[in-house]
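[1] quick one, structure for this:
(one chain, ligands or ions: 1)
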Amino acid sequence: MADADEYGAQVAKQGSLVRQLKKDGAEPEKIKAEVDKLKTMKSELEKLVKAQSASEPQMNRTSFDQMLVRKFFVVPSFEIHGGVAGLFDLGPPACGLKANILSMWREHFVLQENMLEMDCTNLTPHNVLKTSGHVDRFTDLMVKDEVTGVCARADKLLEDAIDHLIDNNPTMPQSEKDEHLLVQRQADAYKPEEIDVLLKKYEVKSPEGNPFGASFPFNLMFKTTIGPEGTSDAYLRPETAQGLFVNFKRLVEYNAGKLPFAAAQIGLGFRNEISPKGGLLRVREFCMAEIEHFCDPNDKLYPRFKLVKDKVLTLFSADNQLSTGKTDQMTIGDAVSKKLVDNETLGFFLARTQIFCERIGMDPARIRFRQHLKTEMAHYACDCWDLEVKTSYGWMECAGHADRSAYDLTVHAKATKTDLVATKMLSKPQTIEIAKIKLNRKQLGMVFKAEQRAVANAIDDLAQSWANFEPFAAKLEADGKAEIAGFEVTKDMFTYEKKSKTIHEIKYTPSVIEPSFGIGRILYSLLEHSFDVRENDEQRTFLKFKPVVAPIKVAVLALQKDNQFEPIISDLKASLMDLNLSSKVDDSTASLGKRYARSDELGIPFAITVDFDTVSSSTVTMRDRDSMTQIRAKINDIVGMLKLLCTEKMLWADCVKKYGLVAGADDEEGGEKKPVGKTFIQSTGRGRFSRPTVV
Ligand SMILES: Nc1ncnc2c1ncn2[C@@H]1O[C@H](COP(=O)(O)OP(=O)(O)OP(=O)(O)O)[C@@H](O)[C@H]1O
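    Residues are numbered from 1 along each chain as shown. All right, here's what the predicted structure looks like:
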């Protein structure tokens, strides 16, 4: 089947051809023929779009959300008091899932890349966040319903209005659709006056039909004070990163002065979101896992890049966002060598993120990396790519990857007059040209007073390289004054002369490459990607968590209520506990099939059933959730198999083979045997299946 996007482009071309013919005053028959062709193509396109959306994974969000609450994955916080928008509590299964995701994240990034992990405070004083720019710029544009006073985020209103427009006009020509989509992709990069014009153009109104007032920036940080006097302003941190930047001096010392290295932190971030929605996707308090990789700005190679260079990623470049609207499949090696991704270190993290998502069980077909448009990026950033994951809410950013250059360390160093630099020892001494400065302190003091030290430092810093100093000196000579670090200095404030200097080391402010994960968004996306229904039975939903992330690894069931089974079950639980394998006993009187279904809904990958044969032969059956097949073996062997199955070491089919077993259909109907393809072997009468040979 042709791709709807591609075919859409052909339809758009045909549309332009018709317009051109009309403009050129072509023969009416010729125009008619092309118009007819266009009509046929449009109806063909409609069919394609319909077919394509039918083949995409669909889910009923209401039943999914209900399942999450019913199974106690996620519930609104303070529910019995009426709840608070944007705040959620995780119940036991989601807590287990989150803990497993975080433990894999630690292992995948912190351990494997030798990162230095920190745990910094949530409460952050005003001056830290003023320095980082958050006090002045950590804002979203907000509009207020002029009648009810209810606030909404301007960019999200614009995005929704465009979705609505496109959805309600299925025959809209592709070229027109592209124009709207282009506006939509830039929604969070517009200035207030620009977005106001667009909100008017798309006739955006509140749900009650009321007009919105002009947009204005709203700071997302929660403000508080530290101490009983209430005089020391502070905020709940909006990200964990600042804690790592302000500890850079100690981190680099701890790392024996060596660069590159990365620091990492897992912790809470708080944002007073204007319109929290989408369950865990946009909340006001969320778990973040952030990495700050510090490196030489002139050397962003990554020695372990070769290990990931062949990993194929789906990349949505800034250029494509502004032109074709299409993604490209490309190895990260190619993307870096073509300079589409700025450098190896950034590329390495993109590939590692993709591998991480696959390891925890996300659907690779619903993962892409979107490059920030120039208008979206901060002026100091040189390249940024968001991991976007497709959910029933559309594509959602789940992790940012930003090359933030030296911005963060520079601003904190400047504000605190602390050297946040790294030192590179040279293999042999080098002679460099510098400017030797003699300050006129009296003059500097008179003009700059308390700030004279800052000015002197700025001049001194610039003077460390003649190449950097020369243009400044030339301006000073020509105009008698020049600007440095925001100060206007004049010729009479210092003298200089060009000198040579032998150096043995170079000091520099490191660049920072920052992968920043929102764990709640990852968790929610994983829940959606794991949600499935049994073939031929839409009522039977299950979560196909990979065993390694599944919060509960094993369901332990007794065939029926019987005292004989109790000691066996408690021994079995103890053996599982020894291996750190979480389990859940379901000893209710429901049928085995019902209990399997219940454990499937919790995403438990394996179920062990204790029956009367267990008493005499110490064998149990173990059922695999995904294939719904089962094997019978000695309890000890089953526990050994589980150890392999739950640690990414082996898949069910391989494990069954390794143990010389044959899997048969599960015994959902309480012991009835149903053949599954060729794998079923008739019962010998003793056990449920032919006696397996356990190796
Ligand atoms: N309100 C939120 N709720 C849940 N997770 C969030 C929220 N805001 C940010 N995140 C997560 O934190 C990560 C890093 O934060 P970052 O500042 O890059 O997000 P952002 O660009 O502000 O996100 P958005 O544009 O969606 O608000 C994001 O990739 C996302 O996974």
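[2] residues near Phe261, how many?
    20 (other CB atoms under 10 Å). Just so you know, the C-beta spots here come from the backbone N, C-alpha and C atoms, and that holds for glycine as well.
[3] give the bridge partners for whichever residue of the chain sits closest to the ligand, please.
    Of all residues in the chain, the one sitting closest to the ligand is Gly518 (2.1 Å; CB to the nearest ligand atom). With DSSP bridges as the criterion, Gly518 is bridged to Met288.
[4] wait, it touches Glu388, no?
    No. If you go by CB atoms under 8 Å, Gly518 and Glu388 don't touch, sitting 11.8 Å apart.
[5] would you map the strands across the stretch 301-450 of the chain?
    Remark: strands assigned in the stretch 301-450 of the chain by DSSP state E, counting those that start in this stretch are 312-316, 328-331, 367-371, 383-391, 394-403, 422-439.
[6] could you do the stretch 501-650 of the chain as well?
    All strands of the stretch 501-650 of the chain, identified by DSSP E, counting those that start in this stretch, fall at 511-518, 531-534, 537-543, 554-558, 583-586, 606-610, 619-624, 629-634.
[7] mean pLDDT and mean neighbour count added to the ones you listed, as JSON lines?
    Shown next, in JSON lines, are the strands of the stretch 501-650 of the chain (pLDDT from 0 to 100; neighbours: other CB atoms under 10 Å):
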{"stretch": "strand 511-518", "mean pLDDT": "97", "mean neighbour count": "24"}
{"stretch": "strand 531-534", "mean pLDDT": "90", "mean neighbour count": "16"}
{"stretch": "strand 537-543", "mean pLDDT": "85", "mean neighbour count": "16"}
{"stretch": "strand 554-558", "mean pLDDT": "96", "mean neighbour count": "25"}
{"stretch": "strand 583-586", "mean pLDDT": "95", "mean neighbour count": "18"}
{"stretch": "strand 606-610", "mean pLDDT": "96", "mean neighbour count": "25"}
{"stretch": "strand 619-624", "mean pLDDT": "96", "mean neighbour count": "24"}
{"stretch": "strand 629-634", "mean pLDDT": "94", "mean neighbour count": "23"}
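[8] how about the ones you listed in TSV, adding distance to Ile569?
    TSV is the format used below for the strands of the stretch 501-650 of the chain (distance: least, CB to CB, whole Å):
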stretch	distance to Ile569
strand 511-518	39
strand 531-534	27
strand 537-543	24
strand 554-558	6
strand 583-586	6
strand 606-610	6
strand 619-624	10
strand 629-634	16
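[9] picking that back up, can you lay out the strands of the stretch 301-450 of the chain as CSV showing mean neighbour count?
    Putting those into CSV (neighbours: other CB atoms under 10 Å) gives the following:
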stretch, mean neighbour count
strand 312-316, 20
strand 328-331, 14
strand 367-371, 22
strand 383-391, 23
strand 394-403, 20
strand 422-439, 13
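[10] just send these back as CSV, with distance to Ser525 too.
    CSV is the format used below for the strands of the stretch 301-450 of the chain (distance: least, CB to CB, whole Å):
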stretch, distance to Ser525
strand 312-316, 15
strand 328-331, 20
strand 367-371, 9
strand 383-391, 4
strand 394-403, 6
strand 422-439, 36
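[11] redo the ones you listed as JSON lines? Include distance to the ligand and mean pLDDT.
    Conversion of these to JSON lines gives the following (distance: least, CB to the nearest ligand atom, whole Å; pLDDT from 0 to 100):
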{"stretch": "strand 312-316", "distance to the ligand": "15", "mean pLDDT": "98"}
{"stretch": "strand 328-331", "distance to the ligand": "22", "mean pLDDT": "97"}
{"stretch": "strand 367-371", "distance to the ligand": "11", "mean pLDDT": "97"}
{"stretch": "strand 383-391", "distance to the ligand": "6", "mean pLDDT": "97"}
{"stretch": "strand 394-403", "distance to the ligand": "3", "mean pLDDT": "95"}
{"stretch": "strand 422-439", "distance to the ligand": "25", "mean pLDDT": "93"}
